[in-house]
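*Asks:* Sequence plus the predicted model coming up.
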Amino acid sequence: MCLKISVRVPASHRDALEAACLCVLPSDLRVEVVPAGIWPWARHRDAEAVISEQGGCACSLLAEEADWNGEAWVMRPEVLERLAHTLTTLAECGPEGMTVEALWQGEKANSEKTVSIQEFAALARASQLSTHTRYVVSRRSA
């Protein structure tokens, strides 16, 4: 299994998500928008972008002691600031109310938490992104 950090917005906000991805600095983490798909029904699904170090999964962000049953993902210290900055940029440049999940591929979040951009960045910097939580990122204080 692989760790997937995904950012989602409604399909109607795909352009805004794509524009936000262009704001991410080359020194930050890699952000790739998942293609919408060619089938008409697929175009109505949420737009999604994935965050990684080199493309693909986000497993390389994890520290050796990371535990998929733990409360939070233990990330390598040297990637924490880049992760926080990447998430902050996407939240500031993207549409209001984007959701972010850091889950093993195929798993679902079992809780949802609304956080401000500042709170979300602080969680990322402290290696405290929960293992089973969907974050709704708001420009307003949570």
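*Replies:* Structure's in. What do you need? Because the structure is a prediction, the values reported are computed rather than measured.

*Asks:* buried stuff in stretch 59-79?
*Replies:* 61-62, 66, 72-75, 79 (16 or more other C-beta atoms under 10 Å). Using the backbone N, CA and C atoms, a C-beta is placed for each residue, glycine as well.

*Asks:* For Ala124, state which of those residues is nearest.
*Replies:* Met75 (8.1 Å; C-beta to C-beta).

*Asks:* Please list all residues in contact with that closest one.
*Replies:* 61-63, 66, 83, 127, 129 (C-beta atoms under 8 Å, 6 or more residues apart in numbering).

*Asks:* What residues are bridge-paired with it?
*Replies:* Applying DSSP bridges to Met75 yields these beta-bridge partners: Leu62.

*Asks:* and the gap between it and Ala91?
*Replies:* 18 Å (C-beta to C-beta, to the nearest Å).

*Asks:* quick one: contacts of stretch 113-126?
*Replies:* Under the criterion C-beta under 8 Å, 6+ apart, residues 80-81, 83-85, 87-88, 91-92, 100, 128-130, 133-142 lie in contact with stretch 113-126.

*Asks:* Out of those, which sit inside helices?
*Replies:* Judged by DSSP state H, the contacts of stretch 113-126 include 80-81, 83-85, 87-88, 91-92 as members of helices.

*Asks:* where does the chain have low pLDDT?
*Replies:* Along the chain, the parts satisfying pLDDT under 70 run over 41-43, 141-142.
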